[in-house]
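Engineer: Any chance you can model this:
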Amino acid sequence: LPNKVEIQVEERERTFNIEFMNGYAYINNQGYILEISSENITDKIKIRGYKTTEDNIKPGNRLIKEDLNKLNDVAIITDTAKNSGINAQITSINIENQNEYSLYMESEKKTVHIGSISNLDTKMLYLQVMLEKEKENEGEIFLNIDFKTKNPYFKEKV
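Structural biologist: Residues are numbered from 1 along each chain as shown. Model prediction:
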C-alpha cells in the first residue's frame, strides 16, 4: 500500500465582477462568489443587471439560477468575442434581459446591443467592422435585429 496521499487543489479564478454596495464581488465562470473587495480589478468584465439579492452575495454562495443561466450566455459571448479579437475591449455586459444583452466598451465609448446569443458569430463579424468604421465616434451599435430584413447600424451620440 502506498504510504502517502497526494491532494491537488485547484483554486477558483476570478472571471467577472459585480458592483456590490460600495465595492465589488468577484465571481468565477460558474457563478460562485469568491470574494468581496473595495478594489476594482479593471481587467475583469463587470456583470450588470443581475437579479441575485444583496443579502445572498457572500463568499461561497452562488448567484441565483436565473443569473447562472445568463452567466452561461455571458461565457458564450466572451468566448466568441475572444475568437474575434475584441474580448479585451468589453468593459461590462448587461444581463438584465436575456433577449437584449448589451456590451459596453469603455475604450471605444460604445454600447453594443447584441440581443440574444443567436447568430453570435455573425454579430461579432459585424461588430469588428463597425468598430473599425466608427473608431472615432461615440455611440451605440445595434446588432439586435433580424439580419434577413435589416442591416446593423450605428447611432452616434449627439
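Engineer: Quick check, Asn29 in contact with Arg14.
Structural biologist: No. Using Cβ atoms under 8 Å as the test, Asn29 is too far from Arg14 to be in contact (9.7 Å). For the C-beta atoms, the positions are set from N, CA and C on the backbone; glycine is no exception.
Engineer: Looking at the two, which has the bigger crowd around it?
Structural biologist: Ranked by neighbour count (other Cβ atoms under 10 Å), Asn29 and Arg14 place Arg14 first, with 18 against 15.
Engineer: Next, give phi and psi for the closest residue to that one other than its chain neighbours.
Structural biologist: Among residues not flanking Arg14 along the chain, Tyr26 sits closest, at 4.1 Å (Cβ to Cβ, 6 or more residues apart in numbering). Torsion angles at Tyr26 (phi, psi; degrees, to the nearest 10) stand at phi -100, psi 130.
Engineer: what's the answer for Leu131, then?
Structural biologist: Dihedral angles for Leu131 - degrees, to the nearest 10 - are phi -60, psi -40.
Engineer: likewise the one 4 residues further on?
Structural biologist: Main-chain dihedrals, Lys135, degrees, to the nearest 10: phi -50, psi -40.
Engineer: burial of it, as a residue count?
Structural biologist: Lys135 has 9 nearby residues by other Cβ under 10 Å.
Engineer: Asn137 now?
Structural biologist: Asn137, neighbours per other Cβ under 10 Å, totals 13.
Engineer: can you tell me which residues contact it?
Structural biologist: Contact analysis of Asn137 by Cβ atoms under 8 Å, 6 or more residues apart in numbering lists 154, 156-157.
Engineer: 7 Å instead?
Structural biologist: Glu156 (Cβ atoms under 7 Å, 6 or more residues apart in numbering).
Engineer: how about it, secondary structure?
Structural biologist: Classification of Asn137 by DSSP: H, G, I helix; E, B strand; the rest coil places it in coil.
Engineer: Tell me the predicted confidence for it.
Structural biologist: At Asn137, the model reports a pLDDT of 94.
Engineer: And Leu1, by the same measure?
Structural biologist: In this model, Leu1 carries a pLDDT of 62.
Engineer: How about the backbone phi and psi for Glu132?
Structural biologist: phi -70, psi -40.
Engineer: wait, I meant Glu39
Structural biologist: According to degrees, to the nearest 10, Glu39 has phi -80, psi 130.
Engineer: next one: the one 5 residues further on
Structural biologist: Phi and psi for Lys44, reported as degrees, to the nearest 10, are phi -100, psi 130.
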